[in-house]
Structures are given as C-alpha cells and as structure tokens.
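S.K.: Curious how this folds, go ahead:
(chains A, B, C and D)
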There are 2 protein chains.
Amino acid sequence: MSEESHTSRPNPSAIPGAVVSRLSLYLRELQHLIATGKETTSSSQLGRRLGFTDAQVRKDLAHFGHFGHPGIGYKCVELIGEIRKILGTDREWQVALVGVGNLGRALLGYRGFVQQGFRIVMAFDTDSAKVGTEIEGVEVSHLSQLGEVLKAKKIELGMVAVPAAMAQSVTDEFVAAGIKGIVNFAPVTLQVPEGVSMVGVDLARELEQVTFTVANKLANLNDQ
Amino acid sequence: MSEESHTSRPNPSAIPGAVVSRLSLYLRELQHLIATGKETTSSSQLGRRLGFTDAQVRKDLAHFGHFGHPGIGYKCVELIGEIRKILGTDREWQVALVGVGNLGRALLGYRGFVQQGFRIVMAFDTDSAKVGTEIEGVEVSHLSQLGEVLKAKKIELGMVAVPAAMAQSVTDEFVAAGIKGIVNFAPVTLQVPEGVSMVGVDLARELEQVTFTVANKLANLNDQ
DNA sequence: CACTGTGAAATCGTTCACAGCT
DNA sequence: AGCTGTGAACGATTTCACAGTG
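M.R.: I've put the predicted structure just below:
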C-alpha cells in the first residue's frame, strides 16, 4: 500500500473507476454551461443537475489537483481543459471501427465523437459488398487488412460492432495489432490481455436496468 | 458501470444498482453457456469470465433467493429464468423510439433488443420526409402524435435518440404521456420526476473511460 | 466432496464539517 | 460572505472463511 504525494502525478490505478466515469459527466455539464454563457460554476451547481453532492464533486476533482478558486468556484473553460487533460482528450484520438452494419454505420455518422476529439479514420468488414465503398467519408477495408492498416496509421483505439459470435476473434486481431483500448458493442464479455483497456456497451443491458426499476416500482405499489 | 436513477425511498429491500447491473452480465454469460451446450455452472466459473470473485456472484444472487444447488452449482436454464424474472424481462416490453436519424435507425434494426424481450413498436420524428415511412417494419409517426399513440398502445418504455438540444423536451413529452422508463442516447443529463427511471448512454463517454486508462498507462511508463 | 449461502471482517467510496483562502 | 480542499466519520460493498447441504 503506497501513499500518494500531492506533488507528482497520481497513480491511476488508485483512482476509482466511478470517479473517472463522473469526470465525463462534469465535462458535458461544463460544456453545457459554457454554451449557455456561464463563465464560472461551483461544486454545488455542478452536482445539483447531475444528482451528486457538492462534496463529491470537490473530492472527485481533488484526486487530480487544485482546480477551484476559493470564494469563486471553478472557471468553466479552465476546468474543461483540466478534465480533458485528465481523460486524455486534450488531443485527437484516431479510432478504427470493425463491423459496418446498422450500428457501425450509426457510429460512423455520430457527431458526438468528433465533438469530444475522436475520429474514426478506418472501417473494416468482411462483406465484399461493403469493402471498397466509402461511408460518411470513411473508406471500408477488408478485415484481413486490419493489422497492416492499424500499424501504418498508428491507430490506438478500436470499436467492435460485429455480431456477438465474431466479437472475440475481432478483438484478438485488434490485440495482435497492438491496439491500446477497445469499446465493444457486442453483447458478450471479451477476454483481453492486461495492458489493453476494454469497455463494453450492451444496449439491451441498459434497457434491463430500466425494466428492473420499473418492475420493482410496480411491485412496491402492489405491496402498499 | 452506469448512472441510474436513484429513488425507491420506501423500498425496504433496496438493491444496490451495481448488483442489478451485474445481473445482466450473468444473464448474457448464462445464455452463452447454454449456447455452448453447458447445462450447469458454478459461481466461480461465472465469475472468472466476467472478472468477479465467486463470492460476489453468490452474494449478488442471494439478494433475490436461493437459486443454487450445493455440491452442483447453478442450472443454467433455471437461473436464466430467475434472473429474467428479477429484471422484469420474463415478458415482452414495448418500446417507443424518438429520433430516426443514424442512431435511431440502428436501434430499430438492432437484434439484441428482440433477443432480450424488447420490441420497438413505434418510432417518432419531426422530419416530414421520414414521417409516414416504414423502417425495419416500424411505422414512423410525427412527434406530435406521441402522447396519443403511447396511451393507445400502452407503451411503457421510451428511447431518446435525438440531438442533445431536443432531448429534454422529448423527455418531457414522454413523462407527460406517462412513460415509466427512458434510455437516453443524447449526451446531456436529463431531468425526470421521481417515479420515472432513466438511464443514459453516452457513446463518447465510453471512449473517454478508455482513453483515461490508456493515457495514464503511457504517462506511468514515461515516469519510470 | 464440491459447491452454495452467509455472518463477520476488510476494504472502498461518500458525506460531514470545518479550516483556510479570496 | 462564499467557496474550495480535506481529515475524520460514516455507510456501503466486497471479500473471507466456514457451516451446511445434496
């Protein structure tokens, strides 16, 4: 168990995942505040709209430095910059997409990625009807080209938008090609070696979180 | 890990959100095991592939009942049934979609929803070029019809796939129409009254969780 | 005997409350 | 006065370890 000094970079493995997850939310909220003309905000204002306490907002940010101004609060532009530095999005990331089906095409056209500094620069599929075409300005290559292209273009992030049965083998190819992080949209748990970051997005799972709450709310009403 | 609506004041058996979230993962894994011919499994087998301890799997399930068989483990089919009952997906849920852009169209065609018991039965948009057309077998209506249709068809769940600037007003219409739960794909924090469940899916945010890990892994290597 | 279910202990994350700065 | 940053208290979750069971 090692103590952290507040003068040097904190060890990221000591940062709870939940904190990082909230950082993104703070960032969106700050971007919203900027868009509505606010120049400064406070931990309580930030927290209120997101459903967190003011103390939590301050504690979260305190993991990474002293970004606030006592008596004033946080300067939006400044804090946006700091959070982007922490998240690593103070620069552009190039992303490779595998799977140009319904979902893959939607990801190619999603504006939110560009707004946050992500650019899908290459897409791959095994369907020869799709290979060679261009979608949303991005050329679709055959999956067999993946390793070669990834290395040539120095792409660090990958997105998996193929059917569940193919997801693990695509992931293995990403890993073999030296990818650093993967977002997986297939509803399976992927095995990746240590050193590769993986986040899964399972759309049906999100709905299940909602139905659980709804189903149990109804059950409660019956009880009363 | 995802943000959930925090509520359930008078609920004596308050289940942590993280438990519910893992339940969906157990369900996927069990479905995978069934597909590969396994009839029974154990807490340690389930946990290993998902990255949890065996104790956690057992504790999670113990919140809801005694589903295991000492000396044997869990019968896959049986446990799948129990988890679906808990999540409320032991029946079909009808879903309304607002926003038939790139992402909305992908959601309409996503097979994973039907596999888990979700059926998008109605879609809405304000674009008159889309209204009246049929996409993936679903008719697109004008957004102004939302309340009427929702009540007539007894739809309980809504999905928001419109630009960020419109998301709150669409949500307000869902709420006014008596929807029970919402999944929001716009990168904004929506305000919903108590009694309505809300889950947000922010695609760029998922990528940010990955870049944080990648960026800090690199930073550490430089330090050493 | 391999496995579950579960109190008790350990760990982790959140909130409180206040010192200190502007 | 208004707000941040933070040690200390608190609460929640995870892991341990083992009694109990088919």
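S.K.: Now the helix or strand residue A:166 falls within - C-alpha only, PDB.
M.R.: Per DSSP states H and E: residue A:166 is located in helix A:164-176. In PDB, the C-alpha atoms belonging to helix A:164-176 read as follows (Å, rounded to 0.1, in the frame of the first residue of the first chain):
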ATOM      1  CA  ALA A 164     -21.500 -11.500 -30.800                       C
ATOM      2  CA  ALA A 165     -20.100 -14.700 -32.400                       C
ATOM      3  CA  MET A 166     -17.400 -12.700 -34.200                       C
ATOM      4  CA  ALA A 167     -16.500 -10.300 -31.400                       C
ATOM      5  CA  GLN A 168     -13.800 -12.200 -29.700                       C
ATOM      6  CA  SER A 169     -11.900 -13.100 -32.800                       C
ATOM      7  CA  VAL A 170     -12.000  -9.400 -34.000                       C
ATOM      8  CA  THR A 171     -10.800  -8.400 -30.500                       C
ATOM      9  CA  ASP A 172      -7.900 -10.900 -30.800                       C
ATOM     10  CA  GLU A 173      -6.900  -9.300 -34.100                       C
ATOM     11  CA  PHE A 174      -7.000  -5.800 -32.500                       C
ATOM     12  CA  VAL A 175      -4.800  -7.000 -29.700                       C
ATOM     13  CA  ALA A 176      -2.400  -8.700 -32.100                       C
END
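S.K.: Give the rounded mean pLDDT of that helix.
M.R.: Mean pLDDT, computed over helix A:164-176, is 98.
S.K.: In chain A, what residue spans correspond to strands?
M.R.: A:40-41, A:74-75, A:93-98, A:118-125, A:134-135, A:138-142, A:157-160, A:181-184, A:197-200 (DSSP state E).
S.K.: Was I right to think residue A:195 contacts residue B:217?
M.R.: Yes. Applying Cβ atoms under 8 Å as the test, residue A:195 and residue B:217 come out as touching, 7.3 Å apart. Yep, even glycine has a C-beta here, placed from its N, CA and C like the rest.
S.K.: Those two: who's more crowded?
M.R.: residue B:217 (17 against 10; other Cβ atoms under 10 Å in any protein chain shown).
S.K.: and chain A, which of its residues are near DNA strand D?
M.R.: A:6, A:42-44, A:54-55, A:58-59, A:61-62, A:66-74 (Cβ under 7 Å from any atom of the strand).
S.K.: Just the buried subset of those, written out for PyMOL, thanks.
M.R.: If you want just the buried ones from the residues of chain A next to DNA strand D in PyMOL, going by 16 or more other Cβ atoms under 10 Å in any protein chain shown, the selection is:
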select buried, chain A and resi 43+58+61+67+68+73+74
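S.K.: Can you get me a residue count around residue A:143?
M.R.: Count around residue A:143 with other Cβ under 10 Å applied: 19.
S.K.: Using PDB, list the CA coordinates for the longest helix anywhere in chain A.
M.R.: Taking DSSP state H as the criterion, chain A has its longest helix at helix A:203-223. The C-alpha coordinates for helix A:203-223 follow below in PDB (Å, rounded to 0.1, in the frame of the first residue of the first chain):
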ATOM      1  CA  LEU A 203     -27.700  -1.800 -25.400                       C
ATOM      2  CA  ALA A 204     -30.200  -4.400 -24.100                       C
ATOM      3  CA  ARG A 205     -28.500  -4.300 -20.700                       C
ATOM      4  CA  GLU A 206     -29.200  -0.600 -20.400                       C
ATOM      5  CA  LEU A 207     -32.900  -1.400 -21.000                       C
ATOM      6  CA  GLU A 208     -32.800  -4.100 -18.400                       C
ATOM      7  CA  GLN A 209     -31.600  -1.700 -15.800                       C
ATOM      8  CA  VAL A 210     -34.700   0.400 -16.500                       C
ATOM      9  CA  THR A 211     -37.100  -2.600 -16.500                       C
ATOM     10  CA  PHE A 212     -35.700  -3.800 -13.200                       C
ATOM     11  CA  THR A 213     -36.600  -0.400 -11.600                       C
ATOM     12  CA  VAL A 214     -40.000  -0.200 -13.300                       C
ATOM     13  CA  ALA A 215     -40.900  -3.800 -12.500                       C
ATOM     14  CA  ASN A 216     -40.000  -3.300  -8.800                       C
ATOM     15  CA  LYS A 217     -41.700   0.000  -8.500                       C
ATOM     16  CA  LEU A 218     -44.900  -1.700  -9.700                       C
ATOM     17  CA  ALA A 219     -44.300  -4.500  -7.100                       C
ATOM     18  CA  ASN A 220     -43.900  -1.900  -4.400                       C
ATOM     19  CA  LEU A 221     -47.200  -0.200  -5.300                       C
ATOM     20  CA  ASN A 222     -48.900  -3.600  -5.000                       C
ATOM     21  CA  ASP A 223     -47.500  -4.000  -1.500                       C
END
